[in-house]
Structure formats: structure tokens, C-alpha cells
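>>> Need coordinates for the following:
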Amino acid sequence: MSTPQDNPGTGQNDGRGWNPPGADGSSQPSPYSQQSPYGYQAAQPSGYAYPTSAGAAGPVEKGPAPKEVMRAYYLILAAGVLYLLSSLISALTTEVPDVAGGSFGLGLTVVFAVLFAAVYVVLAIFIRKGQNWARITATVLAALNVVITLGTLLLLPLASQAAAAGGQTMPETPALSMALSVLVMLVGAAGVVMTYLKPARPYFAPQRLGY
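Next up, the predicted model:
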């Protein structure tokens, strides 16, 4: 009696089951040769490229700063320089009372003036980068500066009159220092207003993720 091994054209037993012969008499590959016994897909070759997403997610970079933002940058920098200059002139021209700690108070005023000028510079840099928190902070500081400067201009004459009526004298504020303070207020406010103009507003919008 003949066996399947004696007649290769009838099929081939691979140990898992019969493989029917192909049209040309050769046996077809076993369906089990590409799948695991449990129905899972066989491991792919080492060079197999798995599908990935179309692109990695990442923040969309801001374009170049609009001209209004650049004007705000230079105006706020100028306000910081003018503020430092005004504070130094006021500190150097104001009479220091001959009491203990008078010189220390003068030095402390200069230190604070330098620190506040540095705040102007930092805000200007981040406004140029389109950071909305810097714009909000600059807005708050500019509003406070307007209130303080205008309040000083309005209350200083009244305080001088009250001191004269009481037989006392107040130290005079240098006119140059007052003029610089008003200039700081105007330049800083103008820089903040520039950031709220229509061409500049989209530059401060939150960044979206690109795909």
C-alpha cells in the first residue's frame, strides 16, 4: 500500500495537518507557518517598520514679533532707564537729614531703584517673546505708576501749603526729577497700550499644540 510520503503530488504532512497540493503539484505552505498555535500574529522581522502617527505633537512656534510689540519693547526699556535716572537724580539732590541711618536710607533707595529698573527690562524681554503674563504684569505696574505719579503731582502742592501754614518747611522735589517721573509714566503707559493694539493681540494668545 502506498503512503502519502510515497506520492509527493498528493500532499505533505508537516506534523500539524495535511496541506493540499497546489496547481503545479507542489504543496502549499501550511497556514500554521505564519501564525502561532494560539492564533496570535507571529513576531515581525527586526527590520519591520511599525506605523506611527503623522507627526509628533509639539507647540506651534510664534512667528516674528509684530512692529507694535517691538515698539512696546523699546518703550518699556526706555521707561526703565528713565526711571533709574529719575531715582538717582532724586536721591543725589535730596538733602539727607543729619541723623543716624540717613546715608543707609539713601543707599537703600538706590538699590530699590536698580531693582525696579531691572523689572522693566525683564518685562520688556518677555513681552517681546509674546508672554501674556508679562503683558498683564506690565499693565498692572503701569496703572500703579499712573496713580502714584498723578497723586504726587496733585498732593504735593497741598502738602507744601499745609507745612507752610504750620511753620514748617518741606524739602523741595527737584523739578528735573518730577519731569522724568512724568515721562516714565507716559512712556511706560504707551508701551503697554502698544501690546493691546489689534495687530499685537494675536501674538500674546496661548500656544496651541501642532500634530
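>>> contacts, neighbours, all on C-alpha from now
Will do.
>>> All the helices of this protein, residue numbers only.
Using DSSP state H, the helices of the chain run over 67-93, 102-128, 132-165, 175-195.
>>> just the angle between the longest one and helix 102-128, please?
Put plainly, it is helix 132-165. 150 degrees (axes from the mean of the first three to the mean of the last three Cα atoms, to 10 degrees).
>>> circling back to that earlier point, for my notes, please list the helices of the chain in a markdown table and give mean pLDDT, mean neighbour count and distance to residue 205 for each entry.
Formatted as a markdown table, those follow (pLDDT from 0 to 100; neighbours: other Cα atoms under 10 Å; distance: least, Cα to Cα, whole Å):
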| stretch | mean pLDDT | mean neighbour count | distance to residue 205 |
| --- | --- | --- | --- |
| helix 67-93 | 92 | 21 | 13 |
| helix 102-128 | 88 | 17 | 12 |
| helix 132-165 | 87 | 15 | 7 |
| helix 175-195 | 93 | 20 | 12 |
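>>> Of all these, which one is nearest residue 207?
Ranking the helices of the chain by proximity to residue 207 (Cα to Cα) places helix 132-165 first, at 10.6 Å.
>>> could you give the angle of that closest one to helix 67-93?
Per the same axes, to 10 degrees, the angle that helix 132-165 makes with helix 67-93 is 30 degrees.
>>> mind listing what the nearest residue to residue 206 once chain neighbours are set aside touches?
What sits nearest to residue 206 in space, not counting adjacent residues and going by Cα to Cα, 6 or more residues apart in numbering, is residue 132, at 7.9 Å. Neighbouring residues of residue 132 by Cα atoms under 8 Å, 6 or more residues apart in numbering: 204, 205, 206.
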